[in-house]
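Asker: Need coordinates for the following:
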Amino acid sequence: MSLTRDVFRVLFLAALVSCEAVPEVMPATTVQVLVESDPGVRLGEVPIYLDGAAVGRTDSSGSLRVQVPAGADSSLRLEHECPSSHQAPSVPKLLRLRFSEDPELSTGAPLQISLRCKP
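Answerer: Model prediction:
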């Protein structure tokens, strides 16, 4: 009888441990960042920062795709570091994203944001 009771205790404790809340997955969206010096003239190897954290560098075509959280009332600061021969803007861009489950609003194409580095 003692063995049966011990087995039930172990199973009960295992059930309690496995009943942890599943972490909520934040929806995300893809943002394509394009960096240009003049309209149509793209800049490669430009570091991109999201809320102060480095997320990558633009490729040779001046583009970088970034996954960003799209929770309710998300506000994200988007910044870039222009080459020394170019002038960076004085204020970062602020992205305000809201998640929608409406399939008609989702085209599958990423949101495009253009950033400038004036020559």
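Asker: How is residue 60 assigned, secondary-structure-wise?
Answerer: coil (DSSP: H, G, I helix; E, B strand; the rest coil).
Asker: For it, what are phi and psi?
Answerer: Backbone torsions of residue 60, given as degrees, to the nearest 10, read phi -60, psi -20.
Asker: The nearest residue to it once chain neighbours are set aside - how many residues pack around it?
Answerer: If you skip the residues right next to it in sequence, residue 60 has residue 44 as its closest partner in space, 4.3 Å away by C-beta to C-beta, 6 or more residues apart in numbering. For the C-beta atoms, the positions are set from N, CA and C on the backbone; glycine is no exception. Using other C-beta atoms under 10 Å, residue 44 has 14 other residues around it.
Asker: Quick check: residue 44 is in a strand.
Answerer: No - secondary structure of residue 44 (three-state DSSP): coil, not part of a strand.
Asker: Next, the contact list for it, please.
Answerer: For residue 44, the contact set (C-beta atoms under 8 Å, 6 or more residues apart in numbering) comprises 57, 58, 59, 60, 61, 62.
Asker: separation between the nearest residue to residue 62 once chain neighbours are set aside and residue 96?
Answerer: Computed as C-beta to C-beta, 6+ apart, the closest residue to residue 62 that is not its neighbour in sequence is residue 42, at 2.6 Å. Separation of residue 42 from residue 96 (C-beta to C-beta, to the nearest Å): 25 Å.
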